[in-house]
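*Asks:* Dropping the sequence and predicted coords here.
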Amino acid sequence: MAGLKVDWLAAAYQPATEVRWPDWMQAKKQAALATLSTLPGPSRKLELWRYSDADRLQKSELDSAANTERELTTADNAVVINLTTQGVDFDRNLPDWLSLKPIQELPENQWLDMDLSPALAKELVVQSLNQGLFTHGVVVDVSAQAPQDATVVLRYDVAEFNRWTYLRNVINIEKNAAVTIDEHYVTGRINVVNNYRVAQNARLTRHQHNVLHAGQQHVSLQHFTLAENAYVESQNRHESGNLQHHIHWVDFTAEQAEYRSGSVNKAGHNSHIADIVLINHAFKNNISDVTHRSLADDSAQIFNNAKAVVAKGADGSEITQDLKNILLSGDAKIASKPELEVYTDEVVAAHGSTIGALDENVLFFLRSRGIGLEQAKAIMMVSFEQEAIIC
């Protein structure tokens, strides 16, 4: 397997790196590999890979074309961080509100272990591999002095197309701080884990822009921890590619916090896209709101899932899951699965999922106004996508 693992440790591609890891971090990496060496690789037997072809992770020859899609617009106060084959690159003349350092300088008390307990380790085996093999990344600290349009851009631009590059970033948003984080995929075969630590009264606006060419692959785990009165809005666009597999993991660590996410998933040709949101309501009076709009054409497959677990005693939790999907061809497939696990009494919850086609009545109306068929379909698809644009 090109850069993942077949026989796990025996066949692992160990990325070359000259980084000197602190002893505690090296121990974490080795412990992760030791645990993962006992597990099988990903397959359709796993819930989170049931609707994705994990064998594609073994492909040895992928499209080397760079992403030519429009990049995200950057604000005047934007700081761009380039994560490349060589490492992390950014302008050293940083604003006062921002601190950046390489991942190997992360304080040990800020490390967030991935849950490698038996059940979860199997499901997260691809993302967990990042903990053992990450080669570089950045620690981002945003202070409360950040201006209103403070923006940090993470650009994934890796020249190695046929082997996996493992990146790990930690983003700390301090008490009362507010920032926009834009993640933009340019090129590469990337497995990235981002840990977002959103402190008390802090606000995060995040955009993930992944528009891939037909032969490209991207795997990610976004882990959000929300303190008291923290607010996160996360906008995701996942389009095309050979394989995209994204997990958004949310942990409420106090009360009165709010997490909102909107995702647009568009797959054509033979693309496989998975967009999975897992939210743990462990404390009272928190809000989560997940909206997905997905469109699959040709022989593409999309899996979009939203799961919320409400712990005993987490009264006052509010959960909304709104997953709507459109099939644009007879060979396309979409699996859509909103889930609630509630272990307390006082909860407000609404969840639903639909899978259908473009409304023929609306198409007829648009065509009766002189609009051509393809343009009418495009208008309807854009309107459908807009329902999931939250920021």
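*Replies:* Nice, I can see it.
*Asks:* so where's the chain shaky on pLDDT?
*Replies:* Within the chain, the stretches with pLDDT under 70 are 1-17, 60, 63-75, 116, 118.
*Asks:* can you list the domains in it?
*Replies:* Domain assignment for the chain, taken from automatic domain parsing, gives 8-357, 360-391.
*Asks:* Pick the most deeply packed of those.
*Replies:* Each of those was scored by mean neighbour count; the highest is domain 8-357, a mean of 19, by mean count of other C-beta atoms under 10 Å. Bear in mind the C-beta positions are built from the backbone N, C-alpha and C, glycine included.
*Asks:* mind listing what the helix or strand hosting residue 249 pairs with, with the direction of each?
*Replies:* Here residue 249 sits within strand 243-252, counting by DSSP states H and E. If you go by DSSP bridges, strand 243-252 pairs up with strand 217-226 (parallel), strand 272-281 (parallel).
*Asks:* would you put the C-alpha positions of the last one in CSV?
*Replies:* This means strand 272-281. Only the C-alpha atoms of strand 272-281 are listed here, as CSV (Å, rounded to 0.1, in the frame of the first residue of the first chain):
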residue,chain,number,x,y,z
HIS,A,272,-16.1,8.4,-3.4
ILE,A,273,-16.8,11.0,-0.7
ALA,A,274,-17.5,10.4,3.0
ASP,A,275,-18.5,13.3,5.3
ILE,A,276,-19.0,12.2,8.8
VAL,A,277,-19.9,14.3,11.9
LEU,A,278,-19.7,12.8,15.4
ILE,A,279,-20.8,15.1,18.3
ASN,A,280,-20.5,14.3,22.0
HIS,A,281,-22.9,16.3,24.2
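*Asks:* quick one, the very next helix or strand once past that strand and strand 272-281 angle?
*Replies:* The helix or strand immediately downstream of strand 272-281 is strand 287-296, counting by DSSP H and E. Here strand 287-296 runs at an angle of 170 degrees relative to strand 272-281 (axes from the mean of the first three to the mean of the last three C-alpha atoms, to 10 degrees).
*Asks:* Give the next helix or strand downstream of strand 287-296.
*Replies:* Using DSSP H and E, the helix or strand that follows strand 287-296 in sequence is strand 301-310.
*Asks:* Quick one: list the elements packing against that following strand.
*Replies:* Contacts defined by 3 or more C-beta pairs under 8 Å, 6 or more residues apart in numbering; DSSP states H and E place strand 301-310 against strand 258-267, strand 272-281, strand 287-296, strand 317-327, strand 333-342, strand 347-356.
*Asks:* closest to residue 19 out of the ones you listed?
*Replies:* Closest to residue 19 of the helices and strands packed on strand 301-310 is strand 272-281 (C-beta to C-beta; 30.3 Å).
*Asks:* hmm, back to that, now the strands paired with strand 243-252 as a markdown table including distance to residue 378?
*Replies:* Formatted as a markdown table, the strands paired with strand 243-252 follow (distance: least, C-beta to C-beta, whole Å):
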| stretch | distance to residue 378 |
| --- | --- |
| strand 217-226 | 26 |
| strand 272-281 | 20 |
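*Asks:* hmm, back to that, now the helices and strands packed on strand 301-310 in a markdown table, please, with extra columns for distance to residue 140.
*Replies:* Output for the helices and strands packed on strand 301-310, formatted as a markdown table (distance: least, C-beta to C-beta, whole Å):
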| stretch | distance to residue 140 |
| --- | --- |
| strand 258-267 | 19 |
| strand 272-281 | 23 |
| strand 287-296 | 24 |
| strand 317-327 | 29 |
| strand 333-342 | 32 |
| strand 347-356 | 33 |
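*Asks:* for the ones you listed, which one sits closest to residue 33?
*Replies:* Nearest to residue 33 among these is strand 272-281 (23.9 Å), distances taken as C-beta to C-beta.
*Asks:* ok now the closest one, how far from the chain's centre?
*Replies:* Offset of strand 272-281 from its chain centre (C-alpha atoms, centre = their mean, to the nearest Å): 8 Å.
*Asks:* quick check: angle from it to strand 347-356?
*Replies:* Orientation of strand 272-281 against strand 347-356 (the same axes, to 10 degrees) gives an angle of 170 degrees.
*Asks:* ok now the host helix or strand of residue 120, how far from the chain's centre?
*Replies:* Counting by DSSP H and E, the element that carries residue 120 is helix 118-123. Computed by C-alpha atoms, centre = their mean, the chain-centroid distance of helix 118-123 equals 19 Å.
*Asks:* neighbouring contacts of that helix?
*Replies:* Helix 118-123 is contacted by residues 35-36, 39-40, 46-49, 115, 128 when judged by C-beta atoms under 8 Å, 6 or more residues apart in numbering.
*Asks:* Thank you, goodbye.
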